[in-house]
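*Asks:* Give the three-dimensional model of this entry:
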Amino acid sequence: MSAVQLAAEVSGSLGSIGYGLAAIGPGVGVGIVFGNGTQALARQPEAAGLIRANQILGFAFCEALALIGIVMPFVYGQ
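*Replies:* Presented below is the predicted three-dimensional model:
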């Protein structure tokens, strides 16, 4: 099987493969945000309101990257 035939067979699922790879970054980012937020709450419980607000903001930014990853295959229409 030549490389051209292999590329033709794989081209139908490139969008889903691309999104799977794009979802790795936000997944790691969310883990870091909540892991460090939990450590901060354990070290300084009196700052819970500020820490929680920053956690939610960081979570929103990370999830925005995942939503951009979902939308891009539709924008470029492959």
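*Asks:* Could you use CA atoms for every contact and neighbour count after this?
*Replies:* Noted.
*Asks:* got the contact list for the closest residue to A22 other than its chain neighbours?
*Replies:* Nearest non-adjacent residue to A22, counting by Cα to Cα, 6 or more residues apart in numbering: G69, 5.9 Å away. Going by Cα atoms under 8 Å, 6 or more residues apart in numbering, G69 touches Y19, A22, A23.
*Asks:* And G69, what's its pLDDT?
*Replies:* In this model, G69 is scored at 79, pLDDT.
*Asks:* any idea which element it lies in?
*Replies:* According to DSSP states H and E, G69 maps onto helix 48-76.
*Asks:* and that helix, which residues are buried?
*Replies:* With burial defined by 16 or more other Cα atoms under 10 Å, the residues of helix 48-76 counted as buried are I51, R52, Q55, G58, F59, C62, E63, L65, A66, G69, I70.
*Asks:* quick revisit: gap between the residue nearest to A22 and I17?
*Replies:* 11 Å (Cα to Cα, to the nearest Å).
*Asks:* quick one on the thing from earlier: JSON lines for the contacts of G69, including pLDDT and neighbour count?
*Replies:* Listed next are these as JSON lines, based on pLDDT from 0 to 100; neighbours: other Cα atoms under 10 Å:
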{"residue": "Y19", "pLDDT": "78", "neighbour count": "18"}
{"residue": "A22", "pLDDT": "78", "neighbour count": "17"}
{"residue": "A23", "pLDDT": "82", "neighbour count": "19"}
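*Asks:* Including distance to A3 and secondary structure, could these go into TSV?
*Replies:* Putting those into TSV (distance: Cα to Cα, whole Å; DSSP: H, G, I helix; E, B strand; the rest coil) gives the following:
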residue	distance to A3	secondary structure
Y19	23	helix
A22	25	helix
A23	27	coil
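*Asks:* so can I have a markdown table of these showing distance to N36?
*Replies:* Below are those laid out as a markdown table (distance: Cα to Cα, whole Å):
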| residue | distance to N36 |
| --- | --- |
| Y19 | 26 |
| A22 | 22 |
| A23 | 20 |
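*Asks:* Which residue is the nearest non-sequential neighbour of the most centrally placed residue in the chain?
*Replies:* The centroid of the chain falls nearest to P26 when counting by Cα atoms, centre = their mean (2.0 Å). Leaving aside its sequence neighbours, P26 sits nearest to C62 (Cα to Cα, 6+ apart; 5.0 Å).
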